[in-house]
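A.B. asks: task: produce atomic coordinates for the following.
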Amino acid sequence: MGHENITEFILLGLFSDENVKVACSVLFSLCYVAILSGNLLIFLTIRGSRLGEQPMYLFLNYLSFLDVCFTSTVAPKLITNLLAQQKTISYNSCLAQMFSAHFFGATEIFILVTMAYDHYVAICRPLHYMVIMNRQVCYVLVMVSAMGAFIHSILQVLIIIRLPFCGPNQIDHYFCDVFPLLKLACTDTSMLVIAIITTTGVLSILTFVTLVISYIIILSTLRTRSSEGRHKALSTCGSHITVVFMFFLPLIFIYVPTVDSVSNDKVFALFYTMIASMFNPLIYTLRNTDMKSAMRKVWC
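C.D. replies: Predicted structure coming up:
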């Protein structure tokens, strides 16, 4: 099969109103700068201090790095397209963008799950914590997250590569994603849509449910702790739960189909491509005393 005739796509973007576009390009540029500076600040602080020796901060370090990569696959194109006359993207770039977005996004999901596991071990099995979460285990968990994400992303690309594209080439989105591309294929893709919704949708929901259950177990364990220990554990878990909700809920909305899904999808996608990445550094630093003191040491 392969792509017939079409060598490039046109990204319709978020808005059609010209006045809104200029304002939004400024707004998104500021968001992007905030994402880069906030996440790099966390990344360099953990690298430059002794926090990186603790598993939780090792994972947080990867999460910050992934936030930067994930947003960078989508944001620059989104910002330039708001101002550009020609909003085209070549077929190959489109596939590359789709692969990268899925790869970094899925890795981030797996790292969030790993962080929940880390919290669970720290709170429910504190005496065995250093044995269970040793350096090797942490690196293996990160590697497994990346490998799982790679398999997921390659599958998305393989689905699209086999489809013929011969008709309209306008993607009703601000970046290349599976659903908008399936709509443009010159063949019946209803079975593929169902397959993707079941696999990715079920995966997102299962992961989310697993995270929620793990936190219910953690919170019930905390009832037996001293108030100081409980407060510290709650503030750590609280920030993680916030991030998980900001990232997962929009994802679940996108992969659980509705009647008028695409126009809503674009808004939901903004949450996990831009907004979650922007708030992660704030959520993890403002509520975290170790992080604040490390920042003072590293930067002052």
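A.B. asks: drop to CA atoms for contacts and neighbour counts, all remaining ones
C.D. replies: Noted.
A.B. asks: lowest-scoring secondary structure element of this structure by mean pLDDT?
C.D. replies: Taking mean pLDDT, DSSP states H and E as the measure, helix 261-270 is the helix or strand of the chain with the lowest mean score, a mean of 71.
A.B. asks: how about the spatially most central residue of the chain, secondary structure?
C.D. replies: Taking C-alpha atoms, centre = their mean as the criterion, residue 105 is the residue nearest the geometric centre of the chain, at 3.7 Å. With DSSP: H, G, I helix; E, B strand; the rest coil as the basis, residue 105 sits in helix.
A.B. asks: that one is in contact with residue 70, isn't it?
C.D. replies: Yes: using C-alpha atoms under 8 Å, residue 105 makes contact with residue 70 at a distance of 6.2 Å.
A.B. asks: next, the distance between the ends of stretch 169-183.
C.D. replies: 10 Å (C-alpha to C-alpha, to the nearest Å).
A.B. asks: what segments of the stretch 101-250 of the chain are helices?
C.D. replies: 129-132, 135-161, 178-184, 190-196, 202-222, 227-255 (DSSP state H, counting those that start in this stretch).
A.B. asks: out of the ones you listed, which one sits most buried?
C.D. replies: helix 178-184 (a mean of 20; mean count of other C-alpha atoms under 10 Å).
A.B. asks: outside of that helix, which residues touch it?
C.D. replies: Contacts with helix 178-184, where a contact means C-alpha atoms under 8 Å, 6 or more residues apart in numbering, come from 98, 156, 160, 165, 167-173, 189, 193, 262.
A.B. asks: buried subset of those residues, written for PyMOL?
C.D. replies: The PyMOL selection below is limited to those of those classed as buried (16 or more other C-alpha atoms under 10 Å):
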select buried, resi 98+156+160+165+169+170+171+172+173+193+262
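A.B. asks: how far away is the closest residue to residue 204 other than its chain neighbours from residue 14?
C.D. replies: Nearest non-adjacent residue to residue 204, counting by C-alpha to C-alpha, 6 or more residues apart in numbering: residue 252, 6.2 Å away. Per C-alpha to C-alpha, residue 252 is found 20 Å from residue 14.
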